[in-house]
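> Got a predicted structure plus its sequence, pasted below:
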Amino acid sequence: MGWLHTLWRRLFGSAQTGGDGVLWAVIECARCHERIPVRIDPRTDLQSEYREPGETGPWYTLHKEVMGNRCYTLIHLYLEFGQQRNVTAQQVSGGQLLSLGPEKPEDI
Ligand SMILES: [Zn+2]
C-alpha cells in the first residue's frame, strides 16, 4: 500500500479533500484486471453541451483516457451528466466501471 499511496499522491497531488463535489470512479482494466481509481472534478473536468432548458440530451459530458500501471491498455471513460451535474449515463471501453461515487476508494 505504501508505494501505491505515493503514486496516488503523485498523480493527484494534495487535492484529496472529499465532499466538494469530487467524484471517484473505479475502473477495472479488461486485460489485466487492475483496478484504477479516477478522480473526477465536476467543476473542471466536465464539458458543457450548452443545453437550453427543455432540451433533451446530456447537459455535460466527460471524456477521460485512463491507463493503469500493469499494461498499456487505454481505457476510455465517458460519462453524461444532467442539469444538476448528476450522472445520467456511463460508458467504458477497454474496461468496466466498478463504482462511481463521492467516496475516495481506500483499499485498491
Ligand atoms: Zn491493464
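Thanks, I have the structure now. Owing to the predicted nature of the structure, the values given are computational and were not obtained by experimental measurement. Residues are numbered from 1 along each chain as shown.
> What is the neighbour count of the nearest residue to Arg31 once chain neighbours are set aside?
Of all residues not flanking Arg31 in the chain, Thr73 sits nearest, at 4.5 Å (C-beta to C-beta, 6 or more residues apart in numbering). (Each C-beta comes from the backbone N, C-alpha and C, glycine too.) When neighbours are defined as other C-beta atoms under 10 Å, Thr73 has 15 of them.
> In three-state terms, label Val66 for me.
strand (DSSP: H, G, I helix; E, B strand; the rest coil).
> Confirm for me that it is in contact with Thr73.
No - assessed by C-beta atoms under 8 Å, Val66 is found out of contact with Thr73, at 9.3 Å.
> Residue numbers of the chain in contact with the ion?
29, 31-32, 34, 68, 70-71, 73 (C-beta under 5 Å from the ion).
> From those residues, pick the one nearest Asn86.
Asn86 lies nearest to Cys29 out of the residues of the chain next to the ion, by C-beta to C-beta, at 26.7 Å.
> Report the contact partners of the closest one.
Contact analysis of Cys29 by C-beta atoms under 8 Å, 6 or more residues apart in numbering lists 35-36, 68, 70-71, 73, 75, 94-95.
> any idea which helix or strand comes after the lowest-mean-pLDDT helix or strand in the chain?
Lowest on mean pLDDT, DSSP states H and E among the helices and strands of the chain sits helix 2-12, with a mean of 49. Sequence order places strand 23-29 as the next helix or strand after helix 2-12, per DSSP states H and E.
> Narrow the contacts of Cys29 to those that are buried.
36, 68, 75, 94-95 (16 or more other C-beta atoms under 10 Å).
> Cross the residues you listed against strands and list the overlap.
Using DSSP state E, 36, 75, 95 are the members of these that sit in strands.
> need the residues you listed in JSON lines with pLDDT and distance to Ser48, can you?
Listed next are those as JSON lines, based on pLDDT from 0 to 100; distance: C-beta to C-beta, whole Å:
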{"residue": "Ile36", "pLDDT": "96", "distance to Ser48": "26"}
{"residue": "Ile75", "pLDDT": "98", "distance to Ser48": "24"}
{"residue": "Gly95", "pLDDT": "97", "distance to Ser48": "26"}
